[in-house]
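1. Just the structure for this:
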Amino acid sequence: MHPRIEDYAVVGDEQTAALVGRDGSVDWLCLPRFDSGACFARLLGDEENGHWRIAPKGADGVCTRRSYRGETLVLDTEWETGDGAVRVTDLMPQRDRAPDLVRIVEGVRGRVTVRSTLRLRFDYGSVVPWVRRSDGHRVAVAGPDSAWLRSEPPVRTWGEDFGTHSEFEVAEGERVAFVLTWHPSHEPQPPRVDPYEALEASLADWGAWSARCRYEGPYRAVVTRSLITLKALTYAPTGGIVAAATTSLPEEPGGVRNWDYRHCWLRDSTLTLGALLSAGYHEEAEAWHRWLLRAVAGDPADLQIMYGVAGERRLPELELPWLSGYADSRPVRVGNGAVDQLQLDVYGEVMDSLALARDSGLPARPHVWALQRALMEWLRENWRQPDEGLWEVRGGRRHFTHSKVMVWVAADRAVRALETHPELRGDLDGWRELRDAVHREVCERAYDASRNTFTQSYGSPELDAALLLIPRVGFLPGDDPRVIGTVDAVRAELGHDGLLRRYSTDGTGSTAVDGLPGAEGAFLVCSFWLVDALRLTGRREEALALFDRLAGLVNDVGLLAEEYDPVGGRQLGNFPQAFSHIGLVTSALALFGGEQAG
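-> A predicted model of the protein is given here:
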């Protein structure tokens with residue numbers, strides 16, 4: 001039995017992240033990067049696919065309590081036993097070269113026997129390494145990977161069942177620290193990290209970072225935790241932000257809707273940039289902005305919906321048949337075939353992000369406007385094409401309404417740039433004409449007057465939660481009857497116990513928009529979009545009530561996955577999910593940005 005997705009917490013070093021269960025087991029860790037092969041893959045298989053559990057001997061269940069230490073990414077997990085109490089502190093210190101996972105065991109009360117079981121399995125749980133002793137370490141090597149394990153003070157370790165085990169006692173006030181360090185196997189022994197100094201440095205660094213948050217309104221704890229999570233999902237060398245730390249956590253347990261989210265999506269760009277800027281994190285916003293500019297550089301026809309953490313373009317999708325999947329959800333996938341799709345909305349998202357960056361005073365770069373002009377010229381010639389839409393459907397291209405609305409956004413931001421920045425040059429009349437033509441077509445072909453709602457695509461009766469973004473991007477005002485009707489229709493048809501699905505998955509044949517069997521849960525960012533839409537259409541009290549419910553869905557340490565199952569009362573999809581946390585921050589800033597906590 002796999003733990004529930006919300007039973008995990010995350011620690012990381014802004015280059016990768018580990019998932020730690022309530023039972024004290026690290027069940028997922030990719031080294032050295034978010035998108036590298038996992039050395040602990042129990043999350044998507046079983047114990048033989050790699051994990052590292054530290055817990056009191058004989059403790060078969062979960063911990064007594066756990067929490068992050070203040071506004072940091074340092075995790076404390078505590079057990080109460082008949083012999084006393086013990087705490088395990090997990091962290092990944094900021095790295096100079098090699099990534100380290102530090103686990104500090106501390107006696108809190110009495111005297112407790114603790115057991116550590118480490119099973120390293122490189123390449124997503126498929127490779128059992130050769131383990132030897134060297135210079136006070138247990139060293140595991142297989143192919144290009146090596147991992148070095150040591151403890152301070154040293155405790156006895158032994159090999160058994162293709163794992164490394166240790167058993168020791170801690171009394172009140174005593175500490176034993178383990179450090180697991182990965183590095184390329186062809187390089188000499190990595191430098192040692194002092195685990196106790198690393199703990200103090202991590203607490204200071206994360207505390208200082210969190211103190212920069214400008215938000216002081218209601219729900220500050222969940223907003224700050226969401227911002228910390230976005231920081232944890234940032235790949236520091238480049239500034240890119242991955243959509244999640246995991247791959248193939250299912251949208252439906254036992255189903256096939258399992259995707260790799262360890263990449264950077266352009267669809268997140270405007271919301272991410274806006275959230276970071278509004279919360280006071282200009283340095284992180286500038287880093288994301290620079291990543292975006294590098295990633296999209298080149299021929300506008302080659303613009304992709306996602307890129308690797310360093311801007312890589314090739315993300316081939318593969319299946320890993322040796323992994324049974326989370327809750328038997330197969331296949332397990334790495335890479336993402338949607339990278340080759342045409343999604344016209346990304347042009348609007350890029351143009352909107354660059355407009356926001358310019359208007360927010362981020363450092364200007366001479367080539368940016370030339371890039372934007374090239375994007376606009378490509379859109380002028382290609383905007384009438386059908387595409388796969390922002391949900392990356394695999395049921396064929398359509399004229400998705402959201403895609404066309406975002407084409408309008410691209411043209412609108414280009415026109416506004418010329419109107420407000422006289423030093424810029426471009427085809428003002430032509431872009432105005434494009435903007436008007438797109439607006440006219442959407443209102444004519446995507447609006448169902450008999451139902452008073454926009455629809456998912458031209459000629460389709462289906463709806464889509466992305467229609468809720470129409471007022472937020474400025475396509476129509478919130479008091480427009482068509483917008484109000486659309487919000488009401490989306491709530492009625494896509495509502496799932498008060499939350500929202502992205503779109504209907506009930507269709508067959510020509511109405512099966514995503515081409516996949518099965519269903520999915522309520523999509524959390526869409527539910528936050530509903531919060532925003534309710535606010536924009538004048539229903540603030542309803543928006544407040546929905547936000548309060550959504551904020552209450554975070555797990556015990558403040559984290560959200562991609563989706564939520566209201567019937568089963570559990571989180572679904574990849575975890576922690578940047579888009580969900582961006583939605584939470586954005587809605588909170590819109591609702592409470594001018595308020596102070598009382």
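
2. separation between the nearest residue to Glu319 once chain neighbours are set aside and Trp322?
-> The shortest distance from Glu319 to any non-neighbouring residue, by C-beta to C-beta, 6 or more residues apart in numbering, is to Pro331 (4.2 Å). For glycine as for every other residue, the C-beta is placed from the backbone atoms N, C-alpha and C. Distance of Pro331 to Trp322, computed by C-beta to C-beta, to the nearest Å: 11 Å.

3. joint contacts of those two?
-> Counting by C-beta atoms under 8 Å, 6 or more residues apart in numbering, Pro331 and Trp322 have no shared contacts at all.

4. still on that earlier bit, in contact with the residue nearest to Glu319, which residues are there?
-> Pro331 sits next to 248, 256, 258, 319-321, 325 when contact means C-beta under 8 Å, 6+ apart.

5. Ok, Leu362 next?
-> By C-beta under 8 Å, 6+ apart, the contact list for Leu362 reads 282, 285-286, 289.

6. Tell me the buried residues within the contacts of Pro331.
-> Buried subset of those (neighbour count, 16 or more other C-beta atoms under 10 Å): 248, 256, 258, 320, 325.

7. Would you point out the most distant pair within the residues you listed?
-> By the measure C-beta to C-beta, Val256 and Leu320 form the most distant pair in the buried ones among the contacts of Pro331, at 14.0 Å.

8. Okay, now the unreliable bits of this structure?
-> The model of the chain has pLDDT under 70 over residues 507-512, 594-598.

9. hmm, back to that, quick check: ChimeraX command selecting the buried ones in the contacts of Leu362.
-> The ChimeraX selection below is limited to those of the contacts of Leu362 classed as buried (16+ other C-beta under 10 Å):
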select :285,286,289
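
10. What about the contacts of Leu362, which are in strands?
-> Assignment to strands by DSSP state E places none of the contacts of Leu362 there.

11. what's the burial count for the nearest residue to Asp302 once chain neighbours are set aside?
-> Residue nearest to Asp302 in three dimensions, not counting chain neighbours: Arg313, with 7.8 Å by C-beta to C-beta, 6+ apart. Using other C-beta atoms under 10 Å, Arg313 has 13 other residues around it.

12. give me the element Arg313 is part of.
-> In the assignment (DSSP states H and E), Arg313 maps to no helix and no strand.

13. Correct me if wrong: it contacts Leu303.
-> No - contact criterion C-beta atoms under 8 Å: Arg313 and Leu303 do not qualify, at 10.3 Å.

14. And the helices in the stretch 301-450 of the chain, which stretches?
-> Taking DSSP state H, counting those that start in this stretch, the helices of the stretch 301-450 of the chain run over residues 345-359, 366-382, 401-420, 428-445.

15. Mean neighbour count added to those, as a markdown table?
-> A markdown table is the format used below for the helices of the stretch 301-450 of the chain (neighbours: other C-beta atoms under 10 Å):
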| stretch | mean neighbour count |
| --- | --- |
| helix 345-359 | 23 |
| helix 366-382 | 16 |
| helix 401-420 | 23 |
| helix 428-445 | 16 |
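
16. Dump those helices to a markdown table, plus distance to Glu71.
-> Listed next are these as a markdown table, based on distance: least, C-beta to C-beta, whole Å:
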| stretch | distance to Glu71 |
| --- | --- |
| helix 345-359 | 26 |
| helix 366-382 | 34 |
| helix 401-420 | 35 |
| helix 428-445 | 43 |
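
17. Nearest to Ser166 among these would be which one?
-> In terms of C-beta to C-beta, the element of these nearest to Ser166 is helix 345-359, at 49.1 Å.

18. where exactly do the helices run in the stretch 101-250 of the chain?
-> Counting by DSSP H, counting those that start in this stretch, the stretch 101-250 of the chain has these helices, from start to end: 122-125, 195-211, 220-232.

19. Go ahead and name everything in contact with the first one.
-> Contact with helix 122-125 is made by 37-42, 44-45, 48-50, 129, 142-143, 145, 320, 322-323, 332, 334, as judged by C-beta under 8 Å, 6+ apart.

20. Please apply the same query to the second one.
-> The list of residues contacting helix 195-211 from outside it, by C-beta under 8 Å, 6+ apart, reads 69-74, 89, 91, 93-94, 100, 102, 104, 152, 175, 177-179, 224, 227-228, 231.

21. Show me which positions of it end up buried.
-> 195, 198-199, 202-203, 206, 209-210.

22. Quick one: work out the angle between it and helix 220-232.
-> If you take axes from the mean of the first three to the mean of the last three C-alpha atoms, to 10 degrees, helix 195-211 sits at 120 degrees to helix 220-232.

23. Run the chain-centre distance for helix 195-211.
-> 23 Å (C-alpha atoms, centre = their mean, to the nearest Å).

24. Quick check: the closest residue to Arg156 other than its chain neighbours vs Thr157, distance?
-> Leaving aside its chain neighbours, Arg156 sits nearest to Ser166 (6.2 Å; criterion: C-beta to C-beta, 6+ apart). Note on Ser166: its distance to Thr157, by C-beta to C-beta, is 5 Å.

25. Can you work out which residues contact both of the two?
-> Taking C-beta under 8 Å, 6+ apart as the criterion, Ser166 and Thr157 both touch Ser151.

26. what's stretch 177-185 in contact with?
-> 31-32, 39, 52, 54, 97-105, 116, 118, 141-152, 190, 192-193, 195-196.

27. If you count contacts, what does the longest strand that the chain contains end up packed against?
-> Scanning the chain for the strand with the most residues, using DSSP E, yields strand 100-119. When contacts are defined as 3 or more C-beta pairs under 8 Å, 6 or more residues apart in numbering; DSSP states H and E, strand 100-119 sits against strand 51-56, strand 75-81, strand 84-91, strand 163-171, strand 175-184, helix 195-211.

28. In JSON lines: these, plus distance to Gly361.
-> Below are those laid out as JSON lines (distance: least, C-beta to C-beta, whole Å):
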{"stretch": "strand 51-56", "distance to Gly361": "45"}
{"stretch": "strand 75-81", "distance to Gly361": "36"}
{"stretch": "strand 84-91", "distance to Gly361": "35"}
{"stretch": "strand 163-171", "distance to Gly361": "52"}
{"stretch": "strand 175-184", "distance to Gly361": "40"}
{"stretch": "helix 195-211", "distance to Gly361": "21"}
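
29. Nearest to Gly558, out of the ones you listed?
-> Closest among the helices and strands packed on strand 100-119, using C-beta to C-beta: strand 75-81, at 11.4 Å.

30. can you list contacts of that closest one?
-> 9, 11, 20, 22, 24, 55-56, 59, 63-69, 85-91, 108, 110, 112, 557.

31. Adjacent strands (with direction) for it?
-> Paired neighbours of strand 75-81 in the sheet (DSSP bridges): strand 65-68 (antiparallel), strand 84-91 (antiparallel).

32. ok, residues contacting the first one?
-> Around strand 65-68, the neighbours that count as contacts under C-beta under 8 Å, 6+ apart are 9, 22, 74-78, 225, 556-558.

33. Now the buried members of those.
-> 9, 22, 74-78, 225, 557-558.

34. now, which of the residues you listed sits nearest Leu524?
-> Ranked by distance to Leu524 (C-beta to C-beta), these are led by Gly558 at 13.6 Å.

35. For the closest one, give me its contacts.
-> Contacts here follow C-beta under 8 Å, 6+ apart; on that basis Gly558 touches 68, 221-222, 225-226, 229.

36. Please indicate which of the residues you listed are buried?
-> Neighbour counting by 16+ other C-beta under 10 Å classes 68, 222, 225-226, 229 among those as buried.

37. Save the residues you listed as JSON lines, and put in distance to Gly474 too.
-> Putting these into JSON lines (distance: C-beta to C-beta, whole Å) gives the following:
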{"residue": "Tyr68", "distance to Gly474": "38"}
{"residue": "Val222", "distance to Gly474": "28"}
{"residue": "Arg225", "distance to Gly474": "30"}
{"residue": "Ser226", "distance to Gly474": "25"}
{"residue": "Thr229", "distance to Gly474": "29"}
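
38. Go through those and name the one nearest Ser504.
-> Ser226 (28.7 Å).

39. roughly how far apart are the closest residue to that closest one other than its chain neighbours and Asp27?
-> Excluding the flanking residues, the one nearest Ser226 by C-beta to C-beta, 6+ apart is His581, at 3.8 Å. Distance, His581 to Asp27, by C-beta to C-beta: 21 Å.
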